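In: any chance you can model this:
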Amino acid sequence: MSQILVIDDEVGIRELLSEILTDEGHDVVTAENAATARARRDAARPDLVLLDIWMPDTDGVTLLKEWAANGQLTMPVVMMSGHATIDTAVEATRIGAVGFLEKPIGMQKLLASVKQALDRAPRPCSVLSLAAFPHSALLKDLRRRLEQVAAKSRSVLLRAPAGSITELAARTLQAPGKVWIDLGHDSQPLTLDLLAQSGGGVLYCGELALLTRLQQKNLAFALERLERHNLRLVAATVHDAGELTAHGWEGELLKALFDVSIGLPALAELKDDVPDLAAHILVQLVEAGDAPHRRLSVAAQNALRLYSWPEGYDQLKSAVKSLALAALEEEIGADEVQHLLTPGAAGLPEVPLGMLPEMLALPLREAREMFERLYFEYHLRLEGGSMTRLADKTGLERTHLYRKLKDLGLRNTPGEKP
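Out: Next comes the predicted model:
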């Protein structure tokens, strides 16, 4: 039978539900609060969760939101409460809950709800969006802008630099359980029937310049019918309207697409968010069954943060997946990150903190020179000897950088990596 996680702060209810469901042949795991529920859910990967709304540490709706935002709502969830309002039940359903049980819970109603949730509820897919990053000021503000624009416009254009977080941003506007249609992957004409069946969903295009003529016609066809079929269009491009016109786009269509737009940050602007991004990408891979259970060590997260990511967000996703699949232990270490990102490079030099008293005792000029030698040696190794990435990292013009390294005696300029 199925494995069911029962989350309720009242021990009597946990024991009663556990006894009834166990008698029906289910394997039951219980949790008394949200902290325990998180651990039990990750360890057991239940087929169904019965989740109480009112709990002392974190309420059930907040926990449901957390799982949905993190791409962890991969099982049906039935909410339980004796005091919830209709608004609360509607909100939980909007987030992704598939049912609601009012306390006191009768046995027949419990069993019927469990059977319905297990038999009929579609198993949600793991989707990552900006909602997973509430502690990043930049990503939180971007999410608010997207939602604010979406409240007034069904179409939004993401003006995105190459390698940006376009899909992550677009997924923020996808309602739980609703359709996601990638116009760049569809080579068949859109039909009215398909649009009608996709109500509440999102039509997405990751780069306008890559669309074929047929895909451009699909986009134009859908754009005229967004309101009628309760659809949303989220498109992205690194180009301006003039460049797209040169690609053969019609002026009126571009005018409509560029009517409402939002700028996205490059991954380089999200340097401090890279560890959090990587951790959530890893969770999503695990939840989707695309990677074994793995976690990033603090040192590994720091190594990812320090890397320059010249190819952007897609490169970060690819690196995390590669690390997860190749790791021999559950915890991914910094050496594995280093070997993947800078193959053939030796390990990073340790920063000799014990030299700090000696450095502080030196005259300023000598202390500065010692620090600069340590600094550039560290980043040269980190960037695998690439002068281009080192120049970007340090903010120095390349001629100045060559001179600085030569003065410090760190490298001979002939033969350096570009």
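In: report whether Pro292 is found in a helix, as I expect.
Out: No: under DSSP: H, G, I helix; E, B strand; the rest coil, Pro292 sits outside any helix and is assigned coil.
In: what about the nearest residue to Pro265 once chain neighbours are set aside, neighbour count?
Out: Closest residue in space to Pro265, ignoring its immediate chain neighbours: Leu138 at 6.2 Å, by Cβ to Cβ, 6 or more residues apart in numbering. Just so you know, the C-beta spots here come from the backbone N, C-alpha and C atoms, and that holds for glycine as well. By the criterion of other Cβ atoms under 10 Å, Leu138 has 13 neighbours.
In: helix, strand or coil for Pro46?
Out: coil.
In: my guess is it meets Val29, correct?
Out: Yes: under the criterion of Cβ atoms under 8 Å, Pro46 makes contact with Val29 at 6.7 Å.
In: overlap in contacts, these two.
Out: Taking Cβ atoms under 8 Å, 6 or more residues apart in numbering as the contact rule, Pro46 and Val29 both touch Gln3, Ile4, Leu5, Arg40.
In: what helix or strand does the last one sit in?
Out: In this assignment (DSSP states H and E), Arg40 forms part of helix 34-44.
In: so for that helix, what gets flagged as buried?
Out: By 16 or more other Cβ atoms under 10 Å, the buried positions in helix 34-44 come out as Ala34, Ala37, Arg38, Arg40, Arg41, Ala44.
In: for the residue minimising distance to the centre of the chain, give me its contacts.
Out: Central residue of the chain (Cα atoms, centre = their mean): Leu128, 4.1 Å from the mean position. Taking Cβ under 8 Å, 6+ apart as the criterion, Leu128 is in contact with Asn70, Gly71, Leu168, Arg171, His280, Ile281, Gln284.
In: confidence score at it?
Out: Note for Leu128: predicted pLDDT of 87.
In: does it count as helix, strand or coil?
Out: Quick answer, by three-state DSSP: Leu128 is coil.
In: quick one, phi psi at it?
Out: phi -100, psi 130 (degrees, to the nearest 10).
In: can you give me the helices for the stretch 151-300 of the chain?
Out: 166-171, 192-197, 213-223, 241-246, 251-257, 274-287, 298-306 (DSSP state H, counting those that start in this stretch).
In: just the ones you listed: most buried one?
Out: Highest mean neighbour count of the helices of the stretch 151-300 of the chain: helix 166-171, a mean of 23 (counted as mean count of other Cβ atoms under 10 Å).
In: export stretch 383-390 as PDB, just CAs?
Out: Written as PDB, here are the backbone C-alpha positions of stretch 383-390 (Å, rounded to 0.1, in the frame of the first residue of the first chain):
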ATOM      1  CA  GLU A 383      40.000  30.600 -12.200                       C
ATOM      2  CA  GLY A 384      42.300  27.900 -13.700                       C
ATOM      3  CA  GLY A 385      44.800  30.500 -14.900                       C
ATOM      4  CA  SER A 386      42.300  32.300 -17.100                       C
ATOM      5  CA  MET A 387      43.300  35.900 -17.500                       C
ATOM      6  CA  THR A 388      39.900  36.900 -18.800                       C
ATOM      7  CA  ARG A 389      38.100  35.600 -15.800                       C
ATOM      8  CA  LEU A 390      40.800  36.900 -13.400                       C
END
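In: flag the shaky bits of this structure, pLDDT-wise.
Out: Residues of the chain meeting the criterion pLDDT under 70: 84, 120-126, 344-356, 384, 411-418.
In: so Met24 sits against Leu17, correct?
Out: Check again: residue 24 is Glu, not Met. No: Glu24 is not in contact with Leu17 according to Cβ under 8 Å; the separation is 10.8 Å.
In: who's more crowded, the two?
Out: Ranked by neighbour count (other Cβ under 10 Å), Glu24 and Leu17 place Leu17 first, with 22 against 16.
In: my read: that one touches Asp8, true?
Out: Yes: counting by Cβ under 8 Å, Asp8 is a contact partner of Leu17 at 7.4 Å.
In: now list whatever residues contact both of those two.
Out: Common neighbours of Leu17 and Asp8, using Cβ under 8 Å, 6+ apart, are Leu50.
In: thanks a lot, see you next time.
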